[in-house]
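[1] Sequence first, then the predicted structure, then my questions.
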Amino acid sequence: MATAALVTWLLTATAGFIMLGQWVSRGGHRPGSGSRLSPGLVFSHFPLAAIGLVLWIIYVIQPSDTLAWIAFVVLLPVALLGFTMFARWLPTVRAGTGTPESRFPIAIVIGHGLLAATTLVLVLLTALSA
């Protein structure tokens with residue numbers, strides 16, 4: 001299960017990198033962009049997720065009950081930040097506002113969210129069984 005969590009986490013990160021790259025390349029949160037995603041929100045979600053992923057890679061290499069739980073606890077604010085960004089993204093895509101995030105491919109946004117939820121559950125189940 002730990003390996004499955006790693007795979008889903010890597011796929012989630014890939015989709016996240018795609019969206020981050022598009023958001024930054026389209027101007028991100030510049031004045032007048034109309035973006036509803038603040039840099040603080042985006043740039044706190046990303047490093048926390050990356051830290052959690054590094055912890056999980058270490059866990060897969062050298063299993064530790066404590067490390068599994070730490071990775072899970074790190075994932076909780078990542079999930080909350082991600083859900084917040086999703087909630088802010090929805091009105092922009094519905095309205096077709098032309099903001100940097102309104103042009104994210106819907107399949108990537110949905111895939112990222114589903115993979116993230118799957119990762120969270122797999123990490124929890126792994127930690128519970130550790």
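    Okay, I see it. Residues are numbered from 1 along each chain as shown.
[2] C-alpha from now on. contacts and neighbour counts both.
    Noted.
[3] Please identify the residue most distant from the middle of this protein.
    Gly32 (25.8 Å; Cα atoms, centre = their mean).
[4] can you give me how far the longest helix seen in the chain is from the chain middle?
    If you go by DSSP state H, the chain has its longest helix at helix 65-95. Counting by Cα atoms, centre = their mean, to the nearest Å, helix 65-95 is centred 6 Å from the centre of its parent chain.
[5] From the contact counts, what lies against that helix?
    Counting by 3 or more Cα pairs under 8 Å, 6 or more residues apart in numbering; DSSP states H and E, the packing neighbours recorded for helix 65-95 are helix 39-61, helix 106-129.
[6] could I get the ones you listed as a markdown table with mean neighbour count, mean pLDDT and distance to Leu76?
    What follows is the helices and strands packed on helix 65-95, written out as a markdown table (neighbours: other Cα atoms under 10 Å; pLDDT from 0 to 100; distance: least, Cα to Cα, whole Å):
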| stretch | mean neighbour count | mean pLDDT | distance to Leu76 |
| --- | --- | --- | --- |
| helix 39-61 | 16 | 97 | 10 |
| helix 106-129 | 18 | 98 | 8 |
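[7] Would you reformat those helices as a markdown table and include distance to Val74?
    Shown next, in a markdown table, are the helices and strands packed on helix 65-95 (distance: least, Cα to Cα, whole Å):
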| stretch | distance to Val74 |
| --- | --- |
| helix 39-61 | 6 |
| helix 106-129 | 10 |
